[in-house]
Structures are given as structure tokens and as C-alpha cells.
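>>> What follows is a predicted structure for the sequence shown.
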Amino acid sequence: MQPDDGSVKLVGRWHEERGRCLLAAGDTARALESFERAVSINAALSSSWSALEQLHRANGDAHKAAVAAQHLATLQRLPAALVRAGSLFSDGELDCARRVLLEFLQVQGKHAEALRLLGRIALARHQLDEAANLFEQVLSTAPDYRAARADLARALIEQQHYSAAQQHLSRLLEAEPENADSLFLWANIQAGLGQHERAIVTYQQVLARTRAWPELYLLLGNSLKAVGRRQEAIDSYRAAAASRPSLGDAYWSLANLKTYRFCERELAQMRSLAAAASTQEVDRYHLCFALGKALEDLGRYEESWGFYQRGNTLKAACTPYDSLGIESEVERLMAAEWRADAAPAPPGPTPIFIVGMPRSGSTLVEQILASHPLVEGTQELPILDRVDSGEQYLEEARKYAAGGKPYFIDKMPNNFRHIGRIHRMLPTAKIIDVRRDPMACCFSNLKQLYARGQDFSYSIDAVARYYKSYVRLMEHWDAMLPGRVLQVAYEDLVEDLATQVARLLRFCELEPQAACLRFYATHRSVSTASSEQVRQPIFRTGLTQWRHYEPWLGELKKALAC
């Protein structure tokens, strides 16, 4: 059995020791498997590479023996400190690896391999700016170092700087057009830009070239889901689970379709994995959220809430969140000296900003507006945080909105913080605030596991404080800029769709279109958790869903003063 402490630390060395024991017992086939597993986890294990070279040579596999010998020779050429740091990094000992590297650099000065490994440590810790800076330092002295360029592209993709990542990937694919890793990253960029049909083709090219790995199936499934190819998405998520049965994200991705129903066998497997000591925490919290949704669909609300609570606790421990951050920002924005005058409108299409809380109904509003022939639906655009002018914003937005329509939608909910800047930089922009009942909205966030961001959503206190900060800031913008923002209540959309659609179109200065009332028939990519729901006619169940959990939401009611 593999170590059962739930940690990745020293797992590579464990497989290496197991291989030695099997080799001593004469079981060369299983020894070979153990050594291969060891180097797949920790590529700095010289002894395992040496054993693999000998075993492959004894089996008559000259190619694999040569590959093992090449890895061994590379390790032998490296300074001992770097080999040690690489081994520590692979075994999850990030602090120790970093200390070894810093001591090495202090003595040796700038060293490409050491800087690259420091960058990989920063990337593993999600310190993306530091990681990108370190990889750029490597490339400044070794511009042909392809692995470092691929690392930089990964960091840029994580930062959602897709255009910059695209430039580096273009160079890599020019040198190696069939490289599976580069093609995989290229598909990630296409998906990030909302080009999901293209991403699907590229992911499938990777599948045709190499043995698939679980993450590939997951991301392919996400793009298939975004374009409405539901059954293919299900098949891809199931393939991810088959590839690595403990992969919690595969089960959560199925649950996150919102329309998938787990069978009893799947439920039993998920329960077993969630309870197993060997399951890693990231997989465990994905499983907990998936079980919460599965049991909710079965009407077993108390048990469902238990899993949602457990998932939130585990996720919050991995992504600490301080409510003082948003509260301080709101105070700063409200206290700032206010100038209501705006710059001249830059030439280009008119943005429609849809802001508010996640899980508020904003995807429904987006789908309604994107059904209009003059409006291009894009996605949640990661732009406003990093531009200083309307011209810069529109230039970045063109990478996502390439259809040439006179309007496009930016559905980043957190843009409610930037309404003052939007008014000044983009005076003709339309701004729509989608509001939902506070209990319904906050509860919906508590049962949602996000792919990135929205870290406030994993505790009752944090989600309530965030909601109240959002409402407070919106009240400030309404006082400063009366009439600039249209507030739309999700409940009103559900109760009287025709009236609210007419109101939305009038605010955006768009002519009425019957297609906007039949929004569920519009074929377009939708990347949010509501992608399957907005492909169906409007339904009322979301209005009171939280009441099934009312016995356990007293703390939330109190925090929201409902």
C-alpha cells in the first residue's frame, strides 16, 4: 500500500524503496513499475533512473534504457545542491527546496536551472507574479530554454494573461509543432479566450498524440460543457475519473453540470474516497461538494448540508480569506475624492457590464442580451484590474469579442468595485447590477466550488460580509451616479420575464427581439456554473431552494440580518 497520511511528501522515495525490495525478491516486473512510478513523482531520483536503465536493457528495450540513461546523465551533470533541491521539490518539501536554492544562488550567482526551480516553487504556491519574474530571468540569459518558456506560459495562463502566453507558445510550437505539452497549453489559452470549439479540437489532437492524463480529460470536458455538448462532457469527466479514480474534480465536474444525477454505485465510490485517509485534501473537498449536490438532488438535505459544510471547511483551510480586504477597499472607494466627469468615449464597440454577486442570475441576464443580434456574449473578462484607460480596455476586450458586433458583454461580477472607473473611462458603457435575495444568493455561493477566485464563498461569515460590502458600495455608486446603473432583480426576471427583458433592452438602447425571450435556444459558449441551466426555459425552483436548508442557516440569517 501507498503511504496513507494524505501527503505527497516522500511518496517518490517510497516507490523507489519498494522497487528495491521487489528487485531483491526477484520480481523484476513489479520492481520496474515501482521505479517508473518513483521517477514520475520525483524525477531527481538518480538511483531509480539507474535501476530503470539496467532493467530496460535487460528486457531488450534499448530506447527506454537510453531515455533513462539520458535522465541519469543530466542529473549527474547538475550541481549536487540542485539535484537535492529538485528532489525536495518533487517530494513536496517546498520550504526546504527553496532554502537550498537560495543558499546555492548566494554562492554561485545567477544560475538558470536554480532560478527555474525557484520559479516552479513559486508557481506551486500560486505566487504567480514572482514565478513569472523568475522564469523571465531564466529566459533573459537562456532564451532557447524551452522548458522555462513553457513554465512562463503556464504562469501567464494562471494569471489569465492569455495573449502574452500565446506569444511564448507560438515560439514553442514553431520549434516543435507536435509537442503534446505545448499543444495542451495552447488549448488552455483557446479555452481561456472563450474559443471553446477550437480548444476542443486541440485537446483532441493531444489525445491522438499521447497517452491522456486526467487533467486533459477534465479540461476537454469543461470546453464541451461550455458549448452545450453535454453527453460528450459527461463521457470526458468519466474518463478522467477512470484515469485516476481518486480525482475529486472529475466527480465535482459532473455535479457542476447541475443536471447530472449520480447512480448508487457512484455515490458509494464517492463516499469511500471522501472518507479514505489516503485521499488528498484537494480531492476530498471536491468530493464533498459533489456529494453535497448529489444528496441535495435526492432530497437528503441534512446529509447534503453536512458535506457542503465539510467541503467549505476544507477549502477555506487551503485558501485563507480575510474579509477586511474587501471592507477596506469599499471604505477607500467611498472616501475617495469623487470626479463624475468622464473622458471622451474611445472608438469601438459598447461594453455591457453585468456586475453583482456570483450566483445572482447574471448568466441568465447575459444569455438574454447575447440572444440579441447586435450583442456579442463573451465571458467574465479578466481585464479591468490591469488597464488604465478605455482604449486599453477595448484593445484587450477585442481578443475575446472578435465578432465585430456593436455591443459586447463583460460579465465579471467583481467589476462592481470598478463602476467609478468604468464611468470615467467608458462613458457610453451600459452597467447592469443583477441582485438576488440575500439568503438565496449567499446559500448558492456556499454550495458552489469555484475553479478560481471567489474565496469569500467558503464560510458563512465571509460570504455574508462580502454580500453586505457589495450592497453598500452599490448604494454609494447609485448616490454618486444616479441612473447610471440598472438594477435587475433575479426574482422579477423569473416572475415577469417579458417586462424585465423589455426593460433591459430599453436601458441598453436596443430594439426588441423575440430571440431574447427564447434565450434558451441561443447557441453560444457559456463557461459559468449556470451553463446548462440557461439552456433551459426559466424555472422557479431557484427562488426558494435555500429553504430546504433553513434549519442549518440560522447563522447566515443572523449575519445578513434577514
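Everything's here; your move.
>>> Just give the nearest non-adjacent residue to Ala58, would you?
Spatial nearest neighbour of Ala58, chain neighbours left out: Thr28 (7.5 Å); criterion: C-beta to C-beta, 6 or more residues apart in numbering. (Each C-beta comes from the backbone N, C-alpha and C, glycine too.)
>>> Wait, the one you found touches Leu55, no?
Yes. Assessed by C-beta atoms under 8 Å, Thr28 is found in contact with Leu55 at 6.2 Å.
>>> Looking at those two, which one has more neighbours?
Ranked by neighbour count (other C-beta atoms under 10 Å), Thr28 and Leu55 place Leu55 first, with 21 against 15.
>>> Would you double-check that the more buried one falls in a helix?
Yes. Secondary structure of Leu55 (DSSP: H, G, I helix; E, B strand; the rest coil): part of a helix.
>>> ok, the closest residue to it other than its chain neighbours - contacts?
Leaving aside its sequence neighbours, Leu55 sits nearest to Leu32 (C-beta to C-beta, 6+ apart; 5.0 Å). Residues in contact with Leu32, defined by C-beta atoms under 8 Å, 6 or more residues apart in numbering, are 19, 52, 55-56, 59.
>>> Please report the distance of Leu32 from Val11.
To Val11, Leu32 is 18 Å away according to C-beta to C-beta, to the nearest Å.
>>> The residue lying closest to Glu136 once chain neighbours are set aside: helix or strand, and which one exactly?
Excluding its sequence neighbours, the residue lying closest to Glu136 (C-beta to C-beta, 6+ apart) is Leu152, at 6.5 Å. Secondary structure from DSSP states H and E places Leu152 in helix 146-158.
>>> tell me the angle whichever helix or strand comes after that helix makes with helix 146-158.
Note on helix 146-158: by DSSP H and E, the next helix or strand toward the C-terminus is helix 162-175. Orientation check (axes from the mean of the first three to the mean of the last three C-alpha atoms, to 10 degrees): helix 162-175 against helix 146-158 gives 150 degrees.
>>> isn't there a strand covering Glu376?
Yes. Assessed with three-state DSSP, Glu376 lies in a strand.
>>> As a check, name the ranges of all helices in the stretch 401-550 of the chain.
Secondary structure of the stretch 401-550 of the chain (DSSP state H, counting those that start in this stretch): helices at 419-425, 438-446, 460-480, 490-495, 497-507, 514-517, 541-544.
>>> okay, these, which one's buried deepest?
Of all the helices of the stretch 401-550 of the chain, helix 438-446 has the most neighbours on average by mean count of other C-beta atoms under 10 Å, namely a mean of 23.
>>> Tell me the gap between that one and the middle of its chain.
Using C-alpha atoms, centre = their mean, to the nearest Å, the mean C-alpha position of helix 438-446 is found 21 Å from that of the whole chain.
>>> and what of stretch 149-156?
Taking C-alpha atoms, centre = their mean, the mean C-alpha location of stretch 149-156 is offset from the chain mean by 16 Å.
>>> With stretch 319-328 instead?
Centre to centre, stretch against its chain (C-alpha atoms, centre = their mean), the figure for stretch 319-328 is 20 Å.
>>> Show the end-to-end separation of it, please.
Length of stretch 319-328, first residue to last, C-alpha to C-alpha, to the nearest Å: 20 Å.
>>> for it, which positions count as buried?
Applying a neighbour-count criterion of 16 or more other C-beta atoms under 10 Å, the buried positions in stretch 319-328 are 321, 323, 326.
>>> what sits up against that stretch?
Applying C-beta under 8 Å, 6+ apart, the contact partners of stretch 319-328 are 455-456, 458-459, 461-462, 465-466, 469.
>>> hmm, try it at 6 Å
With contacts defined as C-beta atoms under 6 Å, 6 or more residues apart in numbering, stretch 319-328 is touched by 455-456, 462, 465-466, 469.
>>> Could you give the separation of the helix or strand where the residue nearest to Leu55 lies from the chain centroid?
Here Leu32 sits within helix 28-41, counting by DSSP H and E. In terms of C-alpha atoms, centre = their mean, the centre of helix 28-41 is set 32 Å apart from its chain centre.
>>> Averaged pLDDT, that helix. What do you get?
Helix 28-41 shows a mean pLDDT of 85.
>>> And the residue nearest to Ala58, how far from Gln54?
According to C-beta to C-beta, Thr28 and Gln54 sit 10 Å apart.
>>> One more: Ile431?
67 Å.
>>> Looking at these two, which is more packed in?
More crowded of Ile431 and Gln54, by other C-beta under 10 Å: Ile431, with 24 against 16.
>>> Tell me how far the strand or helix carrying Leu364 lies from the chain's centre.
Per DSSP H and E: Leu364 is located in helix 362-370. Relative to the centre of its chain, helix 362-370 is centred 21 Å away, using C-alpha atoms, centre = their mean.
>>> that older thread, out of the helices of the stretch 401-550 of the chain, which gets the lowest mean score?
helix 541-544 - the lowest mean pLDDT of the helices of the stretch 401-550 of the chain, at a mean of 77.
>>> next structured bit after that one?
Next along the chain after helix 541-544, taking DSSP H and E as the criterion, comes helix 554-560.
>>> Kindly spell out which helices and strands sit in contact with that following helix.
Under the contact criterion of 3 or more C-beta pairs under 6 Å, 6 or more residues apart in numbering; DSSP states H and E, helix 554-560 touches helix 460-480.
>>> Mind exporting the C-alpha coordinates of the helix it packs on to CSV?
Provided in CSV are the C-alpha atoms of helix 460-480 (Å, rounded to 0.1, in the frame of the first residue of the first chain):
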residue,chain,number,x,y,z
ILE,A,460,-20.9,31.8,6.3
ASP,A,461,-19.3,34.9,8.0
ALA,A,462,-17.2,35.7,4.9
VAL,A,463,-19.9,35.4,2.3
ALA,A,464,-22.3,37.5,4.4
ARG,A,465,-19.8,40.2,4.9
TYR,A,466,-18.9,40.2,1.2
TYR,A,467,-22.6,40.5,0.3
LYS,A,468,-23.1,43.4,2.6
SER,A,469,-19.9,45.2,1.3
TYR,A,470,-21.2,44.7,-2.2
VAL,A,471,-24.6,46.2,-1.4
ARG,A,472,-23.0,49.1,0.5
LEU,A,473,-20.8,50.0,-2.4
MET,A,474,-23.6,49.8,-4.9
GLU,A,475,-25.6,52.2,-2.8
HIS,A,476,-22.6,54.6,-3.0
TRP,A,477,-22.4,54.3,-6.8
ASP,A,478,-26.1,54.9,-7.1
ALA,A,479,-25.9,58.1,-5.0
MET,A,480,-22.8,59.3,-6.9
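>>> Run through who's touching that helix.
321, 323, 326-327, 330, 334, 338, 357, 416, 419, 433, 438, 442, 445, 456-457, 555-556, 559-560.
>>> mind redoing it with 7 Å?
Helix 460-480 is contacted from outside by 321, 323, 326-327, 330, 333-334, 338, 340, 357, 416-417, 419-420, 433, 438, 441-442, 445-446, 456-457, 485, 555-556, 559-560, using C-beta atoms under 7 Å, 6 or more residues apart in numbering.
>>> Sweet, I'm off.
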